[in-house]
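A.B. asks: Pasting the sequence and the predicted coordinates here, then a few questions.
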Amino acid sequence: MSAQLGSAVLLGYGPQGVQQSGSALVLGYTPPPAESRRVAAGVHFPWGRAALVKPTTRAAHQAADSATHRVFGKWGSGHTRNRQKLSPWGKSRRTDTGKASPWLGPMFVLQPQDLIPWGKSRKTDQQRNAHWLGPLAVLQPQDLIPWGKSRAEDQQRNAHWLGPLAVLQPQDLIPWGKSRKTDMAQWIPWTRYSRQLSSSWMVIAPVDPGPAPDALFYILPARFYMTVHNLYAERLPDSADVPIYLTTIGADAGSFAWSFTASGPPALFDLLAPVDGLPAQIRIMVDGIAFVFAVESRRRSEKFGQRAVSIAGRSATALVGAPWQRETARSAAVPYTAQQLAAAALDLSGVALDWGLTDWLVPAGAWSHQGTPLAAVMAIAQAAGGYVLSHRSAPTLLTRHPYPTAPWSWGAGAADVEIAPDALITVAAEERGGNDINAVYASGTTTGVLARVLRTGTAGDKLAAMVTDPLITHVDAARQRGLAVLGAAGAKQAITLELPVLTGAGGDPGILDVGQLVQINAATPWRARVRAVSVSARMASVRQSVTLERHLEMEEV
């Protein structure tokens, strides 16, 4: 893979890394042994390490003796005792005239009057620094080495790059100081889990990504995105390793749980056998993102001597629904809120409730239900136009509204996730028509309210069919149910995006969630809500496919 021109950092891994001319900083990287999984880094001077043997340079004058004690040399009057005095560089010999110094030109013969230009070495010389430009430059006498003598506090210095990597500016100091043995313990800093990188990977990060967007998660523009994937599974609660080859994980707004399928070796069949009549539970980690499932299906297969086992299941919250729970009758003889009714249905089930709807009061006698705890929670949420979804890894049911804000106001405020078009692998759009309506009646049955819900700013003259539910007992319930009907109206598209799973930096969104508001930062940015997510993972590749609901009317206003 060749390096790119421009003022960017080019990282080449392995012996094939190349260097481009220009103002770029090129760093070479050699992977450590496979068994180490650690990075060895060092800074080396270009002329090599000094040898232990010091060369001697001797003056070219004759040896002094007692007969020449009255002869004056260039360095002062001679005395008898001078016979025993040595010049600081050793006793002189005739052969010294052939000595050459290695630091002036290629070679230069020393004359008796020549002086070593930098004088006697001092300990303070170790503090001298040199600032070179580009990868390396010729050192001048006044040049200073920017990192100086290694100090203990250098270990606390942090590299100041943004995102996964950023370009070092000429004034930036190399932050890691002199190489130490402890450098062997440093982990690769830009991945969630440090691991050896393939020599074919290269990343070119934007020079100036600008200020961070208002969104909580974002994928910034870049020519390349670097990802290091990890797939791991374990059985719960004993954390026994579960070998799987690949897995597919998905969820959508029409189902209450995340679902999965996976395949593995024949031992998988017995490893995930039911316990006490209940399905085994498994935790799957995709790039560090955890999902917990109940294994509801196991199947052996054999083909041309190849044996494998496929498994499937849903979130562990499925255990509070059919067929794992019996249907029971529920009613309320005293007033309760809708949230209290849902929490009471899950009482003693081991599953918690995360209420995400506007709560409302349900009078005594208005609530009665026959079914499982899961079915009861879903019936309460649907009365307000909401849906139920499971937490990825915790035994928790989430109640959410498909339109926490009306589609015609999605342009206000910050999106949950912003994505640059550079990160989109494929994009497909399908037209989804909607009724041309602007009002709807929502009503209770034997008790409750009758409310006319209309879109603000319209005449409310295009009515949808009336919706009824025994739990529409308050205007808050009617308003939410009406918004679910009106929000789905109008011209819209189902946009399917395929994009990588990015988890390295703090703002990377990882795997998207159903219900998130996403902004695509195209030439004309547009927004849509996530309605379905599907993740395909294997050891060498992880991809996610996301279905968005995009309203065209919103963009025409």
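C.D. replies: That came through, no problem.
A.B. asks: Could you tell me how far residue 533 is located from residue 512?
C.D. replies: In this view, residue 533 and residue 512 are 6 Å apart by C-beta to C-beta, to the nearest Å. For the C-beta atoms, the positions are set from N, CA and C on the backbone; glycine is no exception.
A.B. asks: scratch that, residue 482
C.D. replies: For residue 482 relative to residue 512 (C-beta to C-beta), the value is 28 Å.
A.B. asks: Compare those two (neighbour count), which wins?
C.D. replies: residue 482 (25 against 22; other C-beta atoms under 10 Å).
A.B. asks: Once you drop chain neighbours, what's closest to the more buried one?
C.D. replies: Spatial nearest neighbour of residue 482, chain neighbours left out: residue 453 (2.6 Å); criterion: C-beta to C-beta, 6 or more residues apart in numbering.
A.B. asks: In contact with that neighbour, which residues?
C.D. replies: When contacts are counted by C-beta atoms under 8 Å, 6 or more residues apart in numbering, residue 453 touches 439, 440, 441, 442, 478, 479, 481, 482, 483, 485, 486.
A.B. asks: So which of those residues sit within strands?
C.D. replies: Of the positions in the contacts of residue 453, 439, 440, 441, 442 sit in strands, assigned by DSSP state E.
A.B. asks: Could I get those residues in a markdown table, plus columns for neighbour count and distance to residue 367?
C.D. replies: Formatted as a markdown table, these follow (neighbours: other C-beta atoms under 10 Å; distance: C-beta to C-beta, whole Å):
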| residue | neighbour count | distance to residue 367 |
| --- | --- | --- |
| 439 | 18 | 28 |
| 440 | 26 | 23 |
| 441 | 18 | 22 |
| 442 | 29 | 17 |
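A.B. asks: Closest one of those to residue 546?
C.D. replies: Nearest to residue 546 among the ones in strands among the contacts of residue 453: residue 440, at 29.3 Å, using C-beta to C-beta.
A.B. asks: residues in contact with the closest one?
C.D. replies: Counting by C-beta under 8 Å, 6+ apart, the residues that residue 440 touches are 452, 453, 454, 463, 464, 465, 466, 467, 482, 485, 486.
A.B. asks: Now for the residues you listed: which two are most distant?
C.D. replies: Longest span within the contacts of residue 440, C-beta to C-beta: 454 and 465, 14.7 Å.
A.B. asks: Following the helix or strand where residue 248 lies in sequence, what is the next regular element?
C.D. replies: Residue 248 is part of strand 246-252 when elements are defined by DSSP states H and E. Next in sequence after strand 246-252, counting helices and strands by DSSP H and E, comes strand 259-264.
A.B. asks: What helices and strands are in contact with that following strand?
C.D. replies: strand 246-252, strand 289-303, strand 306-315 (3 or more C-beta pairs under 8 Å, 6 or more residues apart in numbering; DSSP states H and E).
A.B. asks: if I look at the spatially closest residue to residue 260 that is not a sequence neighbour, how far off is residue 270?
C.D. replies: Nearest non-adjacent residue to residue 260, counting by C-beta to C-beta, 6+ apart: residue 249, 4.8 Å away. For residue 249, the distance to residue 270 (C-beta to C-beta) stands at 23 Å.
A.B. asks: Counting neighbours, go ahead and name the busier of the two.
C.D. replies: residue 249 (22 against 9).
A.B. asks: So in terms of bridging, what pairs with the more buried one?
C.D. replies: Beta-bridge pairing of residue 249 under DSSP bridges involves residue 260, residue 535.
A.B. asks: Hmm, it is touching residue 534, no?
C.D. replies: Yes. With contacts counted by C-beta atoms under 8 Å, residue 249 reaches residue 534, the gap being 7.3 Å.
A.B. asks: So what's the residue count around the residue lying closest to residue 391 once chain neighbours are set aside?
C.D. replies: Distances taken as C-beta to C-beta, 6+ apart place residue 398 nearest to residue 391, at 6.3 Å, with adjacent residues excluded. By other C-beta under 10 Å, 22 other residues sit near residue 398.
A.B. asks: for residue 398, helix, strand, or coil?
C.D. replies: Secondary structure, DSSP: H, G, I helix; E, B strand; the rest coil: residue 398 is strand.
A.B. asks: What helix or strand is residue 273 located in?
C.D. replies: For residue 273, there is no enclosing helix or strand under DSSP H and E.
A.B. asks: these two touch, right, it and residue 280?
C.D. replies: Yes. Assessed by C-beta under 8 Å, residue 273 is found in contact with residue 280 at 6.5 Å.
A.B. asks: between these two, which one's more packed in?
C.D. replies: Between residue 273 and residue 280, counting by other C-beta under 10 Å, residue 280 is the more crowded of the two (19 against 10).
A.B. asks: any idea how far residue 535 lies from residue 282?
C.D. replies: Using C-beta to C-beta, residue 535 is found at 15 Å from residue 282.
A.B. asks: ok, back up a step: TSV for the contacts of residue 440, including secondary structure?
C.D. replies: Supplementary listing: those in TSV, determined by three-state DSSP:
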residue	secondary structure
452	strand
453	strand
454	strand
463	strand
464	coil
465	coil
466	coil
467	strand
482	helix
485	helix
486	helix
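A.B. asks: just those now: which is nearest residue 409?
C.D. replies: Distances from residue 409 to these, taken by C-beta to C-beta, are shortest for residue 486, at 12.2 Å.
A.B. asks: which residues touch residue 349?
C.D. replies: Here residue 349 is in contact with 320, 325, 373 (criterion: C-beta under 8 Å, 6+ apart).
A.B. asks: Would you agree residue 381 falls within a strand?
C.D. replies: No. If the criterion is three-state DSSP, then residue 381 is helix and not within a strand.
A.B. asks: Leaving out sequence neighbours, find the closest residue to it.
C.D. replies: residue 399 (4.5 Å).
A.B. asks: Give me the pLDDT for the one you found.
C.D. replies: Looking at residue 399, its pLDDT is 97.
A.B. asks: in its sheet, what does the helix or strand hosting residue 493 sit against?
C.D. replies: Element membership for residue 493 (DSSP H and E) is strand 492-500. Sheet pairing of strand 492-500 (DSSP bridges) gives strand 426-432 (antiparallel), strand 541-551 (antiparallel).
A.B. asks: winner for burial among the ones you listed?
C.D. replies: Counting by mean count of other C-beta atoms under 10 Å, strand 541-551 has the highest mean neighbour count of the strands paired with strand 492-500, with a mean of 21.
A.B. asks: Verify the contact between residue 495 and residue 428 for me.
C.D. replies: Yes. Assessed by C-beta under 8 Å, residue 495 is found in contact with residue 428 at 7.3 Å.
A.B. asks: Quick one: residues contacting residue 253.
C.D. replies: Residues counted as contacts of residue 253 (C-beta under 8 Å, 6+ apart) are 387, 389, 402, 514, 515, 531, 532.
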